[in-house]
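Trainee: got a predicted model here, sequence first, then my questions.
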Amino acid sequence: MNKKLDRSGEAEYGHRDLAVIASLSGVAMLLHTGKVIIRKYNEFFRNVLRDYGMILSLVLIMCFFQVMTEGTLMQPLNITNLILQNSYIVIMALGMLLVIITGHIDLSVGSVVGFIGALAAVLVIHFQVDFIVASIICLLAGAVIGGMHGYFIAFFNIPSFIVTLAGMLVFKGLTLALLDGQSVGPFPDGFQLLSAGFLPDPFVSVYTDFRWMSLLIGVVLAMMVTGIKLRQRMRLSLHGMITESWYFFIVKNTVFVALVVYFSVLLASYKGIPNVLVVMSVLIVTYAFVTNRTVLGRRVYAVGGNEKAARLSGIKTARVSFYTFVNMGMLAAVAGLIFAARLNTATPKAGGGFELDVIAACFIGGASASGGVGKVMGAVTGAFIMGVMNNGMSIMGIGIDYQQVIKGLVLLAAVFVDVLNKNKAC
């Protein structure tokens, strides 16, 4: 009888132990599942911040200045001015990005802008050369200037800092010599359209000033980009390479379309799409394609990442560096023409300090000071961050002295974050 009781007690205690073990294992499974979910969300947010951190920063900065300026920042007139004021910085940032990716720097771009504007003024106004022919001559001159810098840097291994610093001094002097120390202008109306013109709109009438064509162009472009992204996602899904959920994809593209339509409405409410925005957009798309989808773009990243390894793999590294400076010179010439057309005159001090804004835009946009890292959209976003800060602080009445201090601190913070991330990776 006692043996039976003992056995029943042991069985009861055994069942209790099994129940405790089962409950503990259930809790452990829940904790493990929770850790996996948390880890997955942490990785998701880390990827979002890495891919879209600069765009989110730009949006936050714009929201901040929109509040601080009591709505002035996002007025249609101010948005148009913001594009016109920063177009030449964005265009030069595209070329500077490639130079920085290859591990170099170009300090001469501001002086080249001034020199090209002076050259255009002398050709068009003094020698009565047609402005289209003069523009072509100026673009070729910019390419030659970049080629001169690139030749000494790539084939004689002279540090780019020294070569372009010398170029900055040389072209400052040549600008003064061409203009004889005086401003030269005005330019013909056709030349001014490069920077001061807007796309014609057949829907404008005496009853409304709203530019429906500009809104239509914005909507069509937003839909086209979304369609391309959807097609890319479907292609990736066929190979099992999807890394983001449908929910995030839909939200991301909905926000993108809404922002494009919103800014299209703002532009259409004033004078429509500026000509310089068209030029800038074409260049951005072209350079994004070149850096992401072409052999030349991959070689630029390879040279900047590890020049010795790139040379051993068969890449002619000197030639790649040379081409990046030729490209930089040509884009500086484009910026010089746009800036001269905007001012409607060529001045001896044109382009002063532009190189600092262009370099800062690239570094704020995520380019690495050691080369090999950087994206086109990052450089464009960095340029607009600098532009919005300049514009917003000016509207708020902050003096130029403190503006320089704030911009310097922002640049230092951007480079500091880059160095910090590299040290963590190591």
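Mentor: The structure has been received and is ready for your questions.
Trainee: the closest residue to residue 264 other than its chain neighbours: how many residues sit nearby?
Mentor: Nearest non-adjacent residue to residue 264, counting by CB to CB, 6 or more residues apart in numbering: residue 218, 2.7 Å away. C-betas here are computed from N, CA, C, even on glycine. Using other CB atoms under 10 Å, residue 218 has 21 other residues around it.
Trainee: now do the one 5 residues further on
Mentor: Counted with other CB under 10 Å, the neighbours of residue 223 add up to 13.
Trainee: tell me the contacts of the residue nearest to it when sequence neighbours are not counted?
Mentor: Using CB to CB, 6+ apart and skipping the chain neighbours, the partner closest in space to residue 223 is residue 257 (7.3 Å). Contacts for residue 257 (CB atoms under 8 Å, 6 or more residues apart in numbering) come out as 222, 223, 226.
Trainee: still on that earlier bit, pretty sure the residue nearest to residue 264 is touching residue 259, no?
Mentor: No. Between residue 218 and residue 259 there is no contact, the gap being 10.0 Å when judged by CB atoms under 8 Å.
Trainee: now the contacts of residue 257 as a markdown table including distance to residue 133 and pLDDT?
Mentor: Listed next are these as a markdown table, based on distance: CB to CB, whole Å; pLDDT from 0 to 100:
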| residue | distance to residue 133 | pLDDT |
| --- | --- | --- |
| 222 | 37 | 91 |
| 223 | 39 | 92 |
| 226 | 41 | 89 |
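Trainee: out of these, which are inside helices?
Mentor: Counted as lying in helices by DSSP state H, out of the contacts of residue 257, are 222, 223, 226.
Trainee: pLDDT at residue 48, what is it?
Mentor: Residue 48 is assigned 62 on the pLDDT scale.
Trainee: ok, now the one 10 residues further on?
Mentor: You'll see residue 58 listed with a pLDDT of 86.
Trainee: same check, this time on residue 421
Mentor: For residue 421, the model assigns a pLDDT of 64.
Trainee: how close does residue 278 get to residue 372?
Mentor: From residue 278 over to residue 372 the distance is 32 Å, taken as CB to CB, to the nearest Å.
Trainee: likewise residue 312?
Mentor: To residue 372, residue 312 is 16 Å away according to CB to CB.
Trainee: between the two, tell me which one has more neighbours.
Mentor: A direct count of neighbours by other CB under 10 Å for residue 312 and residue 372 places residue 372 higher, at 19 against 10.
Trainee: and that one, what does it touch?
Mentor: Applying CB under 8 Å, 6+ apart, the residues near residue 372 are 101, 103, 301, 304, 305, 306.
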